[in-house]
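> Next come a sequence and a model predicted from it.
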Amino acid sequence: MVGRDCRDSSIFPGTPLFCPTPKKGTAITQLSPAEVTRYSRQMTLDGWGREAQERLKSSLIFIAGAGGLGSATALYLLAAGVGAIRLLDDSRVSLADLSHQALLRERDLGKVKATVAGNRLKEINPFVMVESHAKKLSEYNVFRLTAGCQALIDASNDPGAGSLLNLAAKRRKIPLVRAWVWGVTGRLSTFWPGQGPCLACLSQETSSSHHPALLGPLAGIMGTLQALEVLRILGGLGPALLGRVLIFKGDQFKFTEKTLHPDPHCRVCST
Ligand SMILES: [Zn+2]
């Protein structure tokens, strides 16, 4: 097992829960009085006290994509108090983005999306560090860009980026939380090589397009669920969607799910 057992049997009896292993020497960051007040609504939740909030503050996450999915994911993670976000998107803001990308404004047209989104996020929560990269993810930069992260988030709707992040998750022994949308359907799952199936185990599940037809709220719904899953992992509750894919059909307002299994012949898991 790569994660440490962080089970709280009083809250989740009998449930094996694992958190990403903190790097050696990583200090848990103390909350200031202003932060305690800011996060007080969630810190009074059963299972989410000061320790979970401080774990969150000590975390660095990587998000691929600052579009519809990534905007919603980053917004809620940042508002909840994730310590640092590394955001990557190589596109510029276009008119077609404004229908579903919540961090963008009309005045942002033509600007670098990663920079615009990063600046907007900093306005929302000044306690969080945001690092923006206007780059395309590649085999040459993926391992450098994911260094030091406790979780990887794929919100790019790009199968190529998903595959690269899967390799990084395997090497770094950290979870990859991946949401993707197509038409009126959204999917979400957590891949954690060594603890469950990796993305390459189910390549048939990942076909998608970078710019699918889309109704804006679908990206918001799936991005928000993605943020919730990442909060669970970083706060110590453990992933809800390891070995499962959650499917939301927006035309029927139905959630369904599929069980995922590791592929014994997977080229990534077997290395
Ligand atoms: Zn695999």
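Yes, it's here.

> avg pLDDT for stretch 40-54?
Stretch 40-54 shows an average pLDDT of 91 in the prediction.

> Distance from the chain centre to that stretch, please.
20 Å (Cα atoms, centre = their mean, to the nearest Å).

> before we move on, what about stretch 81-92?
The chain centre lies 10 Å from the centre of stretch 81-92; the measure is Cα atoms, centre = their mean.

> and what of stretch 78-92?
10 Å.

> all helices of this protein, in order?
In the chain, the segments counted as helices under DSSP state H are 33-38, 40-43, 50-57, 68-80, 113-124, 142-145, 159-172, 216-235.

> Most tightly packed of these?
Mean neighbour count (mean count of other Cβ atoms under 10 Å) peaks for helix 68-80 among the helices of the chain, with a mean of 26. Heads up, the C-betas are built off the backbone N, CA and C, glycines and all.

> That one - contacts with which helices or strands?
strand 60-64, strand 84-88, helix 113-124, strand 176-182, helix 216-235 (3 or more Cβ pairs under 8 Å, 6 or more residues apart in numbering; DSSP states H and E).

> Out of these, flag the one nearest residue 53.
Among the helices and strands packed on helix 68-80, the nearest to residue 53 by Cβ to Cβ is helix 216-235 (7.6 Å).

> which residues does the spatially closest residue to residue 239 that is not a sequence neighbour bridge with?
Among residues not flanking residue 239 along the chain, residue 190 sits closest, at 4.3 Å (Cβ to Cβ, 6 or more residues apart in numbering). Beta-bridge partners recorded for residue 190 (DSSP bridges): residue 177, residue 242.

> hang on, isn't residue 190 packed against residue 175?
Yes. Residue 190 is in contact with residue 175 according to Cβ atoms under 8 Å; the separation is 5.4 Å.

> who touches both of these two?
Taking Cβ atoms under 8 Å, 6 or more residues apart in numbering as the contact rule, residue 190 and residue 175 both touch 233, 239, 242.

> give me every residue that touches the second one.
Contact criterion Cβ under 8 Å, 6+ apart gives 175, 177, 190, 192, 229, 232-233 as the residues in contact with residue 239.

> Among the residues you listed, list the two that are farthest apart in space.
Across the contacts of residue 239 (Cβ to Cβ), the longest gap, 12.6 Å, separates 192 and 232.

> hang on, the earlier thing: from the contacts of residue 239, which is closest to the ion?
residue 192 (10.4 Å; Cβ to the ion).

> Please determine how far the nearest residue to that closest one once chain neighbours are set aside is located from residue 145.
Closest residue to residue 192 apart from its sequence neighbours, by Cβ to Cβ, 6+ apart: residue 175 at 4.3 Å. Distance of residue 175 to residue 145, computed by Cβ to Cβ, to the nearest Å: 16 Å.

> on that earlier part again, closest one to the ion among the helices of the chain?
Comparing these by Cβ to the ion, helix 159-172 comes nearest, at 7.8 Å.

> doesn't residue 41 make contact with residue 48?
No. With contact defined as Cβ under 8 Å, residue 48 does not count as touching residue 41 (9.9 Å).

> sorry, back to before: which one of the contacts of residue 239 is nearest to residue 160?
residue 177 (17.7 Å).

> quick one, what contacts the closest one?
Applying Cβ under 8 Å, 6+ apart, the residues near residue 177 are 151-154, 188-191, 226, 229-230, 233, 239, 241.

> Recalculate using a threshold of 7 Å.
Contacts for residue 177 (Cβ atoms under 7 Å, 6 or more residues apart in numbering) come out as 151, 153, 190, 226, 229-230.

> Make CSV out of those residues and add pLDDT and distance to the ion.
Listed next are those as CSV, based on pLDDT from 0 to 100; distance: Cβ to the ion, whole Å:
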residue, pLDDT, distance to the ion
151, 97, 18
153, 98, 19
190, 97, 13
226, 98, 20
229, 98, 19
230, 98, 21
